[in-house]
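> please find the sequence and the predicted model below.
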Amino acid sequence: MTRVFPLVLAAGVTLLSTASALLLLGYLSQVRQPMGVVRDALIIETARSQENVASIASLKQFAGIDNSPRAHELTQVADTLQHRLRTLAGTATRLPTSQRDSVVGYLQRAEHSINLIAPSPLSDTTADIADTLPGLASTIDELAIYLMETESHQRKLDRRLALVATILTALVLMVGTVLFVALLRLERHSNALRYLAMTDDLTQLYNRRQWLDQAPHLLALRRPADSPVALMLLDLDNFKRINDGYGHPTGDKVLKSFGEMLKRVARRSDLAARLGGDEFALLMPQADARNAETVGERIRHETEHFDLTQPAAGANLTVSIGIAVSSHADDDFSTLYRRADQALYQAKHQGRNCIRLG
């Protein structure tokens with residue numbers, strides 16, 4: 001759980017950063033799109049309103065002719081323009097507040113002018129049309145110019161906003177990536193420190209502290225509970241002579257070679273360790289006395305035939321081995337260790353280079 005957490009945290013931060021950046025871009029895109037649609041609709045409706053004003057201007061000369069087709073047409077155009085202005089007012093409510101207030105101001109002035117043109121009978125409104133039409137046309141023209149200017153300004157603002165969003169997204173992704181890499185390095189560094197704390201630096205086997213911490217648990221958790229577990233303690237014979245006669249660097253090479261051999265002989269489920277100096281240990285789950293003796297004899301034979309390098313090429317290296325086997329569920333590790341240690345003591349005092357069972 002401890003090892004996995006930093007990786008999960010790093011992946012979570014990176015995914016969260018990426019999702020946040022994508023959501024930000026999506027939100028900005030969704031916000032900008034409706035505003036663009038509203039402005040396009042306003043510009044189109046304003047252009048049509050300008051056409052309506054032009055139609056009123058061309059038809060106003062017939063306004064005094066009651067019941068003439070052109071007078072009726074003028075009334076229809078005026079009604080259409082009035083409806084269009086109301087549509088513009090409804091669409092403008094979707095604009096930002098600052099722009100909406102300006103557009104509504106133009107529309108109120110234009111609607112006031114069209115109300116002066118629209119009354120019946122048309123024969124009584126000729127003078128009003130002539131006086132009001134230029135103001136109406138001017139107001140709608142000003143509205144068209146204002147909308148075009150705001151559209152141009154908004155496009156510039158959108159481009160800047162898109163640039164800011166892109167930069168922000170890049171920064172978020174960069175920070176997420178940097179954090180991810182930092183957490184990965186921290187995890188690797190933590191694993192390296194953990195490995196150093198667990199292993200013997202010379203032989204790369206478990207050190208005494210780690211082995212004594214894990215071995216009792218391995219014994220207690222064996223399945224089935226009465227399955228045999230063998231404990232082997234190993235001690236290199238007269239190793240002090242190698243250190244004293246050929247130097248500690250040569251002794252270190254011998255210890256390293258022995259540790260490599262022990263790791264090669266041990267099974268994947270076995271727990272091998274260097275307890276200190278020239279003392280080693282091997283805990284073997286699912287191994288009875290016969291299995292343990294077979295493995296011990298192989299270790300003893302390979303040690304006896306070690307091809308030692310210079311300057312210790314002429315030296316003899318042997319190992320004494322003590323073995324204890326637990327086949328009862330109520331056996332504890334302390335008892336097993338004491339029996340193996342007694343067996344090792346017997347091997348050391350009965351000629352060395354041999355195996356004894358405890």
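Cool, the structure landed. What you see is a predicted model; the values in this text were computed from it and never measured.

> which stretches of the stretch 51-200 of the chain form helices?
If you assign secondary structure with DSSP state H, counting those that start in this stretch, the helices in the stretch 51-200 of the chain sit at 69-92, 97-117, 126-198.

> same list (these) but as CSV, adding mean neighbour count, mean pLDDT and distance to T250.
(Each C-beta comes from the backbone N, C-alpha and C, glycine too.) Putting the helices of the stretch 51-200 of the chain into CSV (neighbours: other CB atoms under 10 Å; pLDDT from 0 to 100; distance: least, CB to CB, whole Å) gives the following:
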stretch, mean neighbour count, mean pLDDT, distance to T250
helix 69-92, 17, 72, 94
helix 97-117, 17, 75, 87
helix 126-198, 14, 74, 25
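
> okay if I get those helices as a markdown table plus distance to K253?
Output for the helices of the stretch 51-200 of the chain, formatted as a markdown table (distance: least, CB to CB, whole Å):
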| stretch | distance to K253 |
| --- | --- |
| helix 69-92 | 89 |
| helix 97-117 | 83 |
| helix 126-198 | 21 |
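
> and of those helices, who's closest to S327?
Nearest to S327, of all those, is helix 126-198, at 29.1 Å by CB to CB.

> other SSEs contacting that closest one?
With contacts defined as 3 or more CB pairs under 8 Å, 6 or more residues apart in numbering; DSSP states H and E, the secondary structure elements packing on helix 126-198 are helix 4-59, helix 97-117.

> by mean pLDDT, show me the worst of those helices.
Least confidently modelled of those is helix 4-59, at a mean of 64 by mean pLDDT.

> ok, back up a step: between the helices of the stretch 51-200 of the chain, which one is nearest to P249?
Distance to P249, taken as CB to CB, is lowest for helix 126-198 among the helices of the stretch 51-200 of the chain, at 21.3 Å.

> export only the CA atoms of the host helix or strand of S257, formatted as CSV.
When secondary structure is defined by DSSP states H and E, S257 falls within helix 248-265. Extracted C-alpha coordinates of helix 248-265, given in CSV (Å, rounded to 0.1, in the frame of the first residue of the first chain):
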residue,chain,number,x,y,z
HIS,A,248,39.7,-7.8,4.2
PRO,A,249,39.1,-6.9,0.5
THR,A,250,39.8,-10.6,-0.4
GLY,A,251,37.6,-11.7,2.5
ASP,A,252,34.8,-9.5,1.2
LYS,A,253,35.1,-11.1,-2.2
VAL,A,254,34.7,-14.5,-0.6
LEU,A,255,31.7,-13.5,1.4
LYS,A,256,30.1,-12.0,-1.8
SER,A,257,30.7,-15.2,-3.7
PHE,A,258,29.3,-17.3,-0.9
GLY,A,259,26.2,-15.1,-0.8
GLU,A,260,25.7,-15.4,-4.6
MET,A,261,26.0,-19.2,-4.3
LEU,A,262,23.5,-19.3,-1.4
LYS,A,263,21.0,-17.2,-3.4
ARG,A,264,21.4,-19.5,-6.4
VAL,A,265,20.9,-22.7,-4.3
